[in-house]
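Novice: No letters, just coordinates:
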């Protein structure tokens, strides 16, 4: 995917940034499809995840997880997250601070579950939770049920966005903050 990051106006840059985010979930080779997500309050609080949905109008970035995962417990204690997207090709980093909302056995979770390929559903049907100790690599069993009981959709709502472009010799940086009614943006020192 080619993106023209030549910034002329903040509003054009803002739309370009969100178009790139919105296109990432459907494109397996997209550089922003597998960002780093950091949570507070758990060991190993940063991990690579798969971006499942991005919607500018809702300020939302979404991923899937196992309900038994330590990151879900961390999100219950503190729903603050930070996303980091980076593309070496574009030389662009985007950081997003957001608030997480969990969807379990609700219409949002159901709508996402039907899009999970059958082979991937097994990831949620193990008898052991993510991170549990095993006697050997293949210990544990996959249960007969589909795994939907352990499936959670984590929808995050962006509160701040930081864009950093690192072309040779002339880096540029911009940032936006959500004030409850709209986004306020400006240029920042790189």
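Specialist: Received, thanks. Since the model is a prediction, treat every value here as computed from it, not as a measurement. Residues are numbered from 1 along each chain as shown.
Novice: next structured bit after the lengthiest strand in the chain?
Specialist: In the chain, ranked by residue count with DSSP state E as the criterion, the top strand is strand 151-165. Stepping forward along the backbone from strand 151-165, the first helix or strand reached (DSSP states H and E) is strand 172-178.
Novice: in the lowest-mean-pLDDT helix or strand in the chain, what's buried?
Specialist: Taking mean pLDDT, DSSP states H and E as the measure, the helices and strands of the chain show their lowest mean at helix 118-121, namely a mean of 84. Along helix 118-121, the positions that meet the burial threshold by neighbour count (16 or more other CB atoms under 10 Å) are residue 121. Glycine gets a C-beta too; all of them are placed from N, C-alpha and C.
Novice: try stretch 68-86
Specialist: Neighbour counts over stretch 68-86 (16+ other CB under 10 Å) mark 68-72, 74-75, 79-86 as buried.
Novice: low pLDDT regions in the protein?
Specialist: 1-2, 4-7, 42-44, 128-129, 131-132, 134-146 (pLDDT under 70).
Novice: Geometric centre of it: which residue is closest?
Specialist: The C-alpha lying nearest the average C-alpha coordinate of the chain belongs to residue 51 (CA atoms, centre = their mean; 4.6 Å).
Novice: so it sits right up against residue 33, yeah?
Specialist: Yes - using CB atoms under 8 Å as the test, residue 51 is close enough to residue 33 to be in contact (5.5 Å).
Novice: which neighbours do those two share?
Specialist: Overlap between the contact sets of residue 51 and residue 33, as judged by CB atoms under 8 Å, 6 or more residues apart in numbering, is given by 24, 25.
Novice: where along this protein do the strands fall?
Specialist: Here the chain has its strands, by DSSP E, at 36-39, 46-48, 53-55, 60-66, 80-87, 92-103, 151-165, 172-178, 183-188.
Novice: out of those, nearest to residue 11?
Specialist: When these are compared for distance to residue 11 using CB to CB, the nearest one is strand 183-188, at 8.2 Å.
Novice: Buried residues of the closest one, list them for me.
Specialist: For strand 183-188, the buried set under the neighbour-count rule, 16+ other CB under 10 Å, comprises 183, 185.
Novice: which other residues reach that strand?
Specialist: If you take CB under 8 Å, 6+ apart as the criterion, strand 183-188 is touched by 10, 14, 161, 162, 172, 173, 174, 175, 176, 177.
Novice: which pair in the residues you listed spans the largest distance?
Specialist: Spanning the widest gap among the contacts of strand 183-188 are 172 and 177, at 18.0 Å by CB to CB.
Novice: Compare these two (neighbour count), which wins?
Specialist: Just comparing residue 172 and residue 177: by other CB atoms under 10 Å the higher neighbour count belongs to residue 172, 18 against 15.
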